[in-house]
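**Q** following is a predicted model, sequence given first.
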Amino acid sequence: MARASLDALVMINAEGVVDFWNPAAERLFGYSEKEAIGRCLHTLLASPKDQHLALEKMPEFARTGKGPVIDTVHELQARCRDGTLVDVELSVAAFELDGKWHAVGVLRDVTEKKKTREALGDALHKAEEASRQLSMELASLSELQQSVLPALAHTSCYVSARGLFQPSGLAAGDYFDYLSSPGGGLRCIVADASGHGARAAFIMSMVRTLFHLNENRNRPLSVMVEQLNRQLLQTVGKQGDFVTLAIMDISPEADCIQYINAGHCPGFFRDEDSMTEIAATGPLLGVTDGDYPHQELACSGEWEILLYTDGFYECRVRNGDIFGYDHFRELCFSLMGRGVLDVDRLPREVAASAPGIVGFEDDLTALHVTGRPESGAKRL
């Protein structure tokens, strides 16, 4: 069995002299059995840096059968017949025979294993460095993304708006915004790009660019949304990306609100007469070419609107169920009906209403808009 072994098997006596040398040892180190038997193993194989220490420990081994390499596995370099050094894994066991200690060593060539390990270590180091660079870039992207969102709530005599943006990672595909319009009105938007991370953030930057174009500020909603849809189809339409959005024009001079909901979550609307959902009026953006006509929402007295993204109701509770849209709608209708909806507190309200929520895995974005009638004119 020893002679058939693929690993080098070597036995030495208490003086360190080789008593046994199998064929695998011949192949590994280049010494024939005849050349190795009777020679000191440490002067034969030990590298210059290990030879002195090995010889120094032999008297202790001869007395006790113990030593620093007994019953352990080590990696070290051994010297071959031609003077080259080979990386080996050495395991040693001691036994007593006729009152004298002997040791049997099993040596295995680990040169390729060591190269592979070092290559993996280098690859891991490079991956960690790349990950660090990516994290820095994403952090920079996150800072930039936060900086382009409205920093302050919008307040005028007739309309107020406040947004919430809580990304699940360093970069997000959610977006909210608002722009003042002449006469104290407001154009506002909430959007959600498919996917997560930098790609979704890039797509959302396209939405923001078109929303802020000066030439678009006075254009009808339908014209702007159709332009955005064509741009998305041209840029990312063939790659499966899409955008949902809800966009509104609010004017104190009118008694209704114009809006388009392109495949987005139903918004919530409350005025003095009713409380209702603002359902989708058109398909997702970036999927198919088509028209996006606006709809009108009649207002009576003071009113409020909540626009949001689906992360609020797609969070999971402890048993694995999804919180769900119906529960979220019931919660929001209750808060709005009591006049206590605070967009900054909305994530906590969701968590408090469903004990056991593990956490929000998706981006959270919401926009709360409130209005009142223009004094002496038509009501919103």
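**A** Sure, I can see it.
**Q** what about residue 344, neighbour count?
**A** Residue 344 has 12 neighbouring residues, counting by other C-beta atoms under 10 Å. In this view, the C-beta of every residue, glycine as well, is placed from N, C-alpha and C.
**Q** so the closest residue to it other than its chain neighbours versus residue 347, what's the distance?
**A** Nearest-residue entry for residue 344: residue 164, 6.0 Å, with adjacent residues in sequence omitted and distances by C-beta to C-beta, 6 or more residues apart in numbering. According to C-beta to C-beta, to the nearest Å, residue 164 stands 8 Å off from residue 347.
**Q** so what sits against both of these two?
**A** residue 364 (C-beta atoms under 8 Å, 6 or more residues apart in numbering).
**Q** got the contact list for residue 285?
**A** Contacts of residue 285 by C-beta under 8 Å, 6+ apart are 225, 228-229, 232, 242-245, 262-263.
**Q** closest one to residue 65 out of these, please.
**A** residue 242 (74.0 Å; C-beta to C-beta).
**Q** hang on, the closest one packs against residue 229?
**A** No - contact criterion C-beta atoms under 8 Å: residue 242 and residue 229 do not qualify, at 9.8 Å.
**Q** that older thread, note down every partner strand of the host helix or strand of the residue nearest to residue 344 and its orientation.
**A** Secondary structure assignment for residue 164, by DSSP states H and E: strand 159-166. Strand pairing for strand 159-166, using DSSP bridges, gives strand 154-155 (antiparallel), strand 364-371 (antiparallel).
**Q** deepest of those strands, which one?
**A** strand 364-371 (a mean of 24; mean count of other C-beta atoms under 10 Å).
**Q** biggest strand in this protein by residues?
**A** strand 85-97 (DSSP state E).
**Q** which positions within that one qualify as buried?
**A** Neighbour counts over strand 85-97 (16 or more other C-beta atoms under 10 Å) mark 86-92, 94 as buried.
**Q** could you list the buried residues of stretch 263-283?
**A** 263-271, 278, 280-282.
**Q** lowest-confidence entry in these?
**A** Minimum pLDDT across the buried residues of stretch 263-283 is recorded for residue 271, with 91.
**Q** mean pLDDT lowest where, among the strands paired with strand 159-166?
**A** Out of those, strand 154-155 stands lowest, with a mean of 90 (criterion: mean pLDDT).
**Q** got a list of contacts for that strand?
**A** By C-beta under 8 Å, 6+ apart, strand 154-155 touches 160-162, 178, 180, 186.
**Q** grab the two from the residues you listed that are most spread out in space.
**A** 162 and 180 (14.4 Å).
**Q** between these two, which is the more surrounded one?
**A** Between residue 162 and residue 180, residue 162 has the larger neighbour count (other C-beta under 10 Å), namely 19 against 14.
**Q** what bridges to that one?
**A** For residue 162, the beta-bridge partners are residue 368 (DSSP bridges).
**Q** intersection of neighbour lists for residue 242 and residue 229?
**A** Contacts common to residue 242 and residue 229, judged by C-beta under 8 Å, 6+ apart, are 285-286.
**Q** neighbour count: the two, which is higher?
**A** Per other C-beta under 10 Å, whichever of residue 242 and residue 229 has more neighbours is residue 229, with 26 against 23.
**Q** thought the more buried one was touching residue 292?
**A** Yes - counting by C-beta under 8 Å, residue 229 does reach residue 292; the two are 6.9 Å apart.
**Q** quickly list what's touching both of those two.
**A** With C-beta under 8 Å, 6+ apart as the test, residue 229 and residue 292 both reach residue 262.
**Q** thinking again about what came up before, hmm, the residue nearest to residue 344 is touching residue 363, no?
**A** No - the criterion here is C-beta under 8 Å, and residue 164 misses it with residue 363 at 10.6 Å.
**Q** ok, these two, which is more surrounded?
**A** Shown here are residue 164 and residue 363; by other C-beta under 10 Å, residue 363 has more neighbours (24 against 21).
**Q** need the pLDDT of that one.
**A** If you check residue 363, the pLDDT there is 88.
**Q** over to residue 377?
**A** pLDDT at residue 377 comes out at 37.
**Q** just say helix, strand or coil for residue 126.
**A** Following DSSP: H, G, I helix; E, B strand; the rest coil, residue 126 is assigned to helix.
**Q** I'd like to know how far it sits from residue 117.
**A** In terms of C-beta to C-beta, residue 126 sits 15 Å off from residue 117.
**Q** next: residue 129.
**A** Taking C-beta to C-beta, one finds residue 129 at 19 Å from residue 117.
**Q** cool, and residue 148?
**A** 46 Å.
**Q** could you do residue 165 as well?
**A** 45 Å.
**Q** of these two, who's got more company?
**A** residue 165 (18 against 12).
**Q** that one and residue 150 touch, don't they?
**A** No - using C-beta under 8 Å, residue 165 makes no contact with residue 150, being 9.2 Å away.
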